[in-house]
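>>> Give me a model of this one.
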Amino acid sequence: MRKELKEIYRVQKELAMLDGINSLLNWDQKTLMPPKGYLDRAEQISVISRMAHNKFIAPAFQKLVNDTIKTRLRKKDRAVLERLKKDLDKAKKLPASFVEEESKTTALAYAAWQDAKAENNFRMFKPHLEAIVALKRKECRLKNLPGHPYNSLLDSFEEGMTTDRLKKTFAYLKVELIKLLNEIKTSPKYKRNPVLPECSLDSKEQLCQFIRKRMGVNNGRSRLDNTEHPFTTSIDPDDVRITTNYNSNIQKCFFSTVHEAGHALYNLNIPKKFRHTVLWGGTSLGMHESQSRFWENVIARNPAFWKYMFPVFQKTCKVGISEDEWVFEINRVKPSLIRTAADEITYNLHVIIRFELELELIEGKLKVRQVPKAWKQKMKEYLGVVPRSNREGCLQDVHWSMGIFGYFPTYTLGNIYAAQLYYTLLKDKPDIMSDLRRGKYDRVLKWLRKHVHKYGRSLSAEEIVEKATGEGLNPSILIKYLREKYSQIYDLPQ
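Residues are numbered from 1 along each chain as shown. Here you go, the predicted model:
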């Protein structure tokens with residue numbers, strides 16, 4: 001390998017090490033760190049972030065990449081250099097001082113959010129959110145992508161997606177989802193009394209550990225821990241950590257684990273040849289969410305899945321509920337206050353609410369102090385329910401405390417991609433449901449490796465979906481999936 005390429009790969013590896021350190025610090029803060037450690041932790045994260053950013057945008061490294069990309073390269077090296085160039089062009093727009101300030105601000109905000117949520121006190125979080133919104137608006141100005149300012153935030157999570165396209169996609173979905181929801185409300189089954197079995201904390205942990213291993217997330221390269229708001233993070237390609245909330249009810253706890261295991265499987269199955277390069281990792285958050293939502297909803301909420309899993313569930317948790325009752329319960333449609341506990345239909349309305357609020361905050365049409373009221377108004381308008389407290393409203397999600405604006409839309413994009421992948425999987429493997437009935441997920445995972453995981457960041461999300469399914473983002477496929485599934489569950493005329 002030429003010395004120029006060796007140097008480029010050396011720098012990438014160092015950057016991967018720094019990113020891993022930061023990921024470990026963040027994981028520790030959210031799982032095991034003593035509460036009083038947050039001040040120095042904020043400094044630690046900001047220092048590492050500044051070091052990594054400065055190393056990445058160093059003029060000498062930029063010149064090396066720009067010069068080398070003009071030379072003759074092997075296919076893999078070409079892909080690495082092109083991805084590096086794109087990332088550099090974005091990163092150099094943000095001064096190191098901004099990156100450091102944002103890292104410190106969000107680390108402090110996360111600690112404040114935890115306290116504010118616990119005490120149901122929005123005022124405790126308000127100044128931190130104001131600082132974050134100001135930083136996000138500044139980021140939009142610094143990046144200055146064409147079109148709506150929010151495009152600059154979207155691009156961090158779903159490269160190439162635009163605000164205008166999202167508005168059109170969400171406008172279509174909003175109409176279709178509310179229409180389907182209203183049809184479901186006319187079904188006699190809609191009024192069935194909920195049956196939520198109890199399960200001890202130890203039993204929940206046993207069940208969650210069982211399913212993540214069964215899915216293929218093994219102990220040698222992963223671990224599962226407890227946290228307030230479940231997440232997945234990669235320390236390195238052989239150290240991918242997932243979390244769940246054992247203190248939540250069994251349904252939320254189990255499906256959060258499956259969701260995060262879906263994220264982990266994506267990272268764990270990226271080809272080794274991309275290790276320590278910019279091509280390692282999920283290509284976008286929408287594609288990442290397609291994997292987590294695919295496993296959580298398309299697979300684990302499918303009645304076929306529970307032919308094998310229900311006896312395990314019954315034995316572990318000793319529940320007094322039938323398989324049919326449980327399958328209905330985990331697919332029950334009912335507008336609720338909490339996004340992470342929402343059904344597959346109303347979940348997307350939760351996402352649209354957050355997208356619209358973020359837009360208004362970035363546009364300056366909505367002040368942070370107005371967020372609790374605006375949240376309640378949109379919840380009433382779209383879902384017909386109103387939070388009794390801010391803990392159940394605008395304080396429920398961790399995202400804003402982490403400075404993650406532009407992320408929420410990727411959940412629904414992930415749902416769309418997941419539906420498209422599902423129909424293609426059924427076409428390729430017509431007998432795949434027999435695997436689920438026997439608790440066999442190898443062929444599902446192998447199919448996802450072939451059609452999604454193997455590309456890493458070498459292709460965009462839409463390119464990957466188009467290669468796999470024959471078309472790009474198509475929200476009508478999500479509506480088709482939801483209509484077919486819930487018409488059967490609720491005995492709706494088709």
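
>>> contacts, neighbours, all on C-alpha from now
OK.

>>> For the longest helix seen in the chain, list every residue counted as buried.
What stands out as the longest helix in the chain, according to DSSP state H, is helix 3-31. Using 16 or more other CA atoms under 10 Å as the test for burial, helix 3-31 gives 5, 8-9, 11-27, 29-30.

>>> Check stretch 82-92 too.
82, 83, 84, 85, 88, 90, 91, 92.

>>> Now, the residues you listed that are in helices?
If you go by DSSP H, the buried residues of stretch 82-92 have 82, 83, 84, 85, 88, 90, 91 in helices.

>>> Dump those to a markdown table, plus pLDDT and distance to residue 217.
Output for these, formatted as a markdown table (pLDDT from 0 to 100; distance: CA to CA, whole Å):
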| residue | pLDDT | distance to residue 217 |
| --- | --- | --- |
| 82 | 96 | 31 |
| 83 | 96 | 28 |
| 84 | 97 | 30 |
| 85 | 96 | 33 |
| 88 | 96 | 33 |
| 90 | 93 | 33 |
| 91 | 94 | 33 |
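
>>> Show me which of those residues is closest to residue 125.
Set against residue 125, the nearest of those by CA to CA is residue 91 (28.6 Å).

>>> Do you know the pLDDT at the closest residue to the closest one other than its chain neighbours?
If the residues on either side of it in the chain are set aside, residue 91 comes closest to residue 57, at 6.9 Å by CA to CA, 6 or more residues apart in numbering. pLDDT for residue 57: 95.

>>> quick revisit: tell me which two of the buried residues of stretch 82-92 sit farthest apart.
For the buried residues of stretch 82-92, the maximum inter-member distance is 15.5 Å, found between 82 and 92 (CA to CA).

>>> So which residue is dead centre in the chain?
Note on the chain: the residue nearest the mean C-alpha position is residue 289, at 4.6 Å, using CA atoms, centre = their mean.

>>> Quick check: which helices or strands does whichever strand or helix holds that residue pack against?
Assigned by DSSP states H and E, residue 289 belongs to helix 285-293. Applying 3 or more CA pairs under 8 Å, 6 or more residues apart in numbering; DSSP states H and E, we find helix 285-293 packed against helix 250-268, helix 409-428.

>>> May I see the buried residues of the helix or strand just after it?
Sequence order places helix 305-317 as the next helix or strand after helix 285-293, per DSSP H and E. Residues of helix 305-317 classed as buried: 305, 306, 307, 308, 309, 310, 313, 316, 317 (neighbour count, 16+ other CA under 10 Å).

>>> ok, now stretch 248-266?
Of all the residues in stretch 248-266, those buried under the rule 16+ other CA under 10 Å are 249-266.

>>> For residue 265, see how far away the residue nearest to the centre of the chain is.
The spacing between residue 289 and residue 265, counted by CA to CA, to the nearest Å, is 12 Å.

>>> For the chain, just list every one of the strands.
Ranges of strands within the chain are 222-226, 232-236, 239-244, based on DSSP state E.

>>> picking up where we left off before, so what's the residue nearest to residue 91 up against?
Contacts here follow CA atoms under 8 Å, 6 or more residues apart in numbering; on that basis residue 57 touches 88, 91, 92.

>>> what number of residues lie near residue 368?
16 (other CA atoms under 10 Å).

>>> so what are the domain limits for this protein?
Domain assignment for the chain by automatic domain parsing gives 3-144, 163-489.

>>> chain center to the longest one: distance?
Distance, stretch centre to chain centre, for domain 163-489: 8 Å (CA atoms, centre = their mean, to the nearest Å).

>>> what's the average pLDDT for it?
Mean predicted confidence for domain 163-489 is 96.

>>> and the end-to-end length of it?
34 Å.

>>> which residues does residue 464 contact?
By CA under 8 Å, 6+ apart, residue 464 lies in contact with 451, 452, 455.

>>> want to try CSV for those residues, with neighbour count as columns?
As requested, these are exported to CSV (neighbours: other CA atoms under 10 Å):
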residue, neighbour count
451, 17
452, 26
455, 21
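
>>> between those residues, which is closest to residue 185?
The closest of these, once distances to residue 185 are taken by CA to CA, is residue 452, at 36.5 Å.

>>> Now that closest one. Nearest residue, chain neighbours left out?
Nearest residue to residue 452 in three dimensions, chain neighbours excluded: residue 464, at 6.4 Å (CA to CA, 6+ apart).

>>> ok so, going back, of all the contacts of residue 464, which comes closest to residue 65?
Checking the contacts of residue 464 one by one against residue 65 (CA to CA), the nearest turns out to be residue 455, at 21.8 Å.

>>> re the thing from before, which single one of the contacts of residue 464 is nearest to residue 418?
residue 452 (11.0 Å).

>>> mind saving the C-alpha coords of stretch 227-234 as PDB?
Extracted in PDB, the C-alpha atoms of stretch 227-234 (Å, rounded to 0.1, in the frame of the first residue of the first chain):
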ATOM      1  CA  THR A 227     -30.900   2.100  31.800                       C
ATOM      2  CA  GLU A 228     -33.600   4.700  31.900                       C
ATOM      3  CA  HIS A 229     -33.900   5.200  28.100                       C
ATOM      4  CA  PRO A 230     -32.800   2.200  26.000                       C
ATOM      5  CA  PHE A 231     -30.100   2.700  23.500                       C
ATOM      6  CA  THR A 232     -27.300   0.900  21.600                       C
ATOM      7  CA  THR A 233     -23.700   2.100  21.200                       C
ATOM      8  CA  SER A 234     -20.600   0.600  19.600                       C
END
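
>>> List the buried residues for that stretch?
Neighbour-count burial for stretch 227-234 flags 227, 229, 230, 231, 232, 233, 234 (criterion: 16+ other CA under 10 Å).

>>> Distance check, the nearest residue to residue 378 once chain neighbours are set aside against residue 104.
Among residues not flanking residue 378 along the chain, residue 353 sits closest, at 6.4 Å (CA to CA, 6+ apart). Per CA to CA, residue 353 is found 28 Å from residue 104.

>>> How about residue 263?
The gap separating residue 263 from residue 104 is 26 Å, by CA to CA.

>>> Ok, residue 449 next?
From residue 449 across to residue 104, the span is 37 Å (CA to CA).

>>> related to what we said a few turns ago, what sits against the residue nearest to residue 378?
By CA under 8 Å, 6+ apart, the contact set of residue 353 is 375, 378, 379.
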